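*Asks:* what follows is a protein structure lacking sequence information:
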């Protein structure tokens, strides 16, 4: 336990000083990011193999080649002016992960009409009244999407597409002669049956360090399947700004990361991480990832969804369409000065799976994305009211005191929260009976005032003999495995821990069962759940997270599923809450990690913010970005998690928080107590008025959530969505 004490002390000390950037990779420290980012625009070396195009009722299928390996591509037309591009290896040496948990079932396809097919391209129309169309250019490969005869999204128009196919160790992939600019990019490849002349077997083959393993600080990531990254450029002609791809503590309109006028030197990163006291105006990865980007102008709005759960980076730059290939297209109608935002997406593994939503208006995009990933269920009324949280309320009497403070000062509050110290030695689904000797009595007393409680349940499980959750998980094989097949072990709040494998539907069902009243002793129907640390956070892991070569259900590596892992815990938790009530009650779960589709499972918050004016200001664009990408039930810790706000900052934060979708005050254990009734009369009344303003608008908020459940419209949205 001494080791754990030192470890947690270091984490706590780091949190006081702010984020330690040395704990987290830059692009140059991630070999696949560097390989993809070093590519320069050129004529793509990918082309459609002649004679392989098949036009079906709702898709165009074709074979692609880069003169080294073969791939299968599909452009699939979907309902409501939406299309999907999928590219996978034709005969992969190993299966490649396709994300399904993000989607709300299989997307509904829509019929297409063949408009024109030549030796150079195929054009199809689809959508309402045939307003949408797609043009597949064969050599070099490119796909352009048009709305009302105007090109709005272009894929691979800058030739940055990359697909590192699986190969056997020791095989050297030669670059195709027609694409010399790709030397570094296509250094690796799979032993191929389609193009054997481009590969040769060395005697005594030795895979290079970069190809087959990568060390960051003291951690080595073993890659038994070899390099597997992929990338694609996506351009938006006619727009000057793009939005989305949360979570980042940055402006609403994404800043440029490359080229002239770049504000950031690093790409935006999507890789769920536990980041203490995160910095502002930074493209660093944070707790959640939604790979959705919206492009908006007065003429049209469009969006893309990059359906990939692996580590992902996105560069943003701008140009004029006249200087690119687009200006040479007969169907491009822009002027010589048409602006364009260029983006470059690259992920470590998986497949290319891109949904293109063609709008043409913002509310159309909200609806189209909701059709794919599902709506936000209307939450229970108490969950959109005011919540009081702290790490930690010390014991049962402390909880009663907080309840009394609100009662005595006539300040409404619907939920009181308990952090990790309420448990028996940080063993989840338990109570510290010395501090909370009669939890049911406490819950019933709160309920007599119309109040609920939330307790924290994290995904890491303490490895302690006799602890029923650990005993079941270990004996039934419910944990994530290490690369040798044993239970994955790391350090988190309880000390030595293992992590439940939520990627398995059967294991999620087991987890849901733990919420039942007979399994979760001392619980009642008014107790709800907070899933924290589910990025997952591993204190002694690389970048404070799980090793990428850990193994999940289906033998998938953690690198394949990392960003979706944290979403699956609140899914299972919510299902358990519904089941314990016999299907009568709506669930409420708060999660720190999130992904595309998380809106189906509850609320999120923006993590460990700081009590300063900059973080209050940043909460607005952060929540707007999250809402634009489908996850509208979101908030920021009122008052800031770290440090102590002065009275004016605290008042202003309550006034702002009262008008944000999720309204919870929360604070670190080292901060001063700051419940509203503890302040002088003037401060207390101003905070009370802010909370009362929230309650006066609860019917309006509830109506907004009802609309969100039907249309996908965010409850908090930027003005450009309306005008």
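*Replies:* Nice, thanks for sending it over. This is a predicted model, so every value here is computed, not measured. Residues are numbered from 1 along each chain as shown.

*Asks:* what about the helices in this protein?
*Replies:* 2-17, 31-37, 209-212, 362-373, 396-408, 439-448, 468-476, 505-513, 558-580, 613-628, 647-657, 681-696, 698-711 (DSSP state H).

*Asks:* now those helices in a markdown table, with mean neighbour count and distance to residue 431?
*Replies:* All C-beta atoms are positioned from the backbone trio N, CA, C, and that covers glycine. Listed next are the helices of the chain as a markdown table, based on neighbours: other C-beta atoms under 10 Å; distance: least, C-beta to C-beta, whole Å:
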| stretch | mean neighbour count | distance to residue 431 |
| --- | --- | --- |
| helix 2-17 | 13 | 22 |
| helix 31-37 | 22 | 45 |
| helix 209-212 | 16 | 48 |
| helix 362-373 | 23 | 36 |
| helix 396-408 | 16 | 10 |
| helix 439-448 | 17 | 5 |
| helix 468-476 | 15 | 14 |
| helix 505-513 | 18 | 19 |
| helix 558-580 | 25 | 17 |
| helix 613-628 | 22 | 33 |
| helix 647-657 | 19 | 30 |
| helix 681-696 | 17 | 29 |
| helix 698-711 | 16 | 31 |
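
*Asks:* dump those into TSV; add distance to residue 349 and mean pLDDT as well.
*Replies:* As requested, those are exported to TSV (distance: least, C-beta to C-beta, whole Å; pLDDT from 0 to 100):
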stretch	distance to residue 349	mean pLDDT
helix 2-17	29	39
helix 31-37	9	97
helix 209-212	14	65
helix 362-373	21	98
helix 396-408	46	98
helix 439-448	44	98
helix 468-476	27	98
helix 505-513	22	98
helix 558-580	5	98
helix 613-628	25	98
helix 647-657	39	98
helix 681-696	43	98
helix 698-711	33	98
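
*Asks:* so which of those gets nearest residue 636?
*Replies:* Closest to residue 636 of these is helix 613-628 (C-beta to C-beta; 3.8 Å).

*Asks:* show the contacting residues for residue 255.
*Replies:* 262-264, 283, 316 (C-beta atoms under 8 Å, 6 or more residues apart in numbering).

*Asks:* go ahead and build a PyMOL selection from the buried members of these.
*Replies:* To isolate the buried members of the contacts of residue 255 in PyMOL, using 16 or more other C-beta atoms under 10 Å:
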select buried, resi 264+283+316
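
*Asks:* hmm, residue 215 and residue 221 touching each other?
*Replies:* Yes: taking C-beta atoms under 8 Å as the definition, residue 221 is a contact partner of residue 215 at 7.4 Å.

*Asks:* give me the more crowded residue out of the two.
*Replies:* A count of neighbours by other C-beta atoms under 10 Å puts residue 221 above the other of residue 221 and residue 215, at 19 against 10.

*Asks:* please name the bridge partners of the more buried one.
*Replies:* residue 214 (DSSP bridges).

*Asks:* show me what contacts it?
*Replies:* For residue 221, the contact set (C-beta under 8 Å, 6+ apart) comprises 213-215, 542, 547-549, 559.

*Asks:* how much space separates it from residue 212?
*Replies:* Distance, residue 221 to residue 212, by C-beta to C-beta, to the nearest Å: 10 Å.

*Asks:* check residue 101 too.
*Replies:* Going from residue 101 to residue 212 by C-beta to C-beta gives 29 Å.

*Asks:* residue 380 too?
*Replies:* As defined by C-beta to C-beta, residue 380 lies at a distance of 50 Å from residue 212.

*Asks:* might you report the residue contacts of the residue lying closest to residue 550 once chain neighbours are set aside?
*Replies:* Distance criterion C-beta to C-beta, 6 or more residues apart in numbering; nearest residue to residue 550, sequence neighbours excluded, is residue 558 at 4.1 Å. Shown in contact with residue 558 (C-beta under 8 Å, 6+ apart): 480, 546-552, 565.

*Asks:* give me the subset of those residues lying in strands.
*Replies:* Residues of the contacts of residue 558 located in strands (DSSP state E): 551-552.

*Asks:* drop anything exposed from the contacts of residue 558.
*Replies:* 480, 546-552, 565.

*Asks:* from residue 36, how far out is the spatially closest residue to residue 225 that is not a sequence neighbour?
*Replies:* Nearest residue to residue 225, sequence neighbours excluded (C-beta to C-beta, 6+ apart): residue 94, at 5.1 Å. Using C-beta to C-beta, we find residue 94 at a distance of 20 Å from residue 36.

*Asks:* what do you get for residue 303?
*Replies:* 22 Å.

*Asks:* same question, residue 636
*Replies:* Counting by C-beta to C-beta - residue 636 and residue 36 are separated by 33 Å.

*Asks:* same check, this time on residue 24
*Replies:* Residue 24 is 19 Å from residue 36, where distance means C-beta to C-beta.

*Asks:* what does residue 415 give?
*Replies:* In this view, residue 415 and residue 36 are 44 Å apart by C-beta to C-beta.

*Asks:* residue 256 too?
*Replies:* 18 Å.

*Asks:* ditto for residue 45
*Replies:* Residue 45 sits 14 Å away from residue 36, taking C-beta to C-beta as the criterion.

*Asks:* same check on residue 518?
*Replies:* Taking C-beta to C-beta as the measure, residue 518 falls 51 Å from residue 36.

*Asks:* could you do residue 619 as well?
*Replies:* Residue 619 sits 32 Å away from residue 36, going by C-beta to C-beta.

*Asks:* what of residue 224?
*Replies:* Computed as C-beta to C-beta, the residue 224 to residue 36 distance reads 21 Å.

*Asks:* and what of residue 709?
*Replies:* Counting by C-beta to C-beta, the gap from residue 709 to residue 36 is 38 Å.
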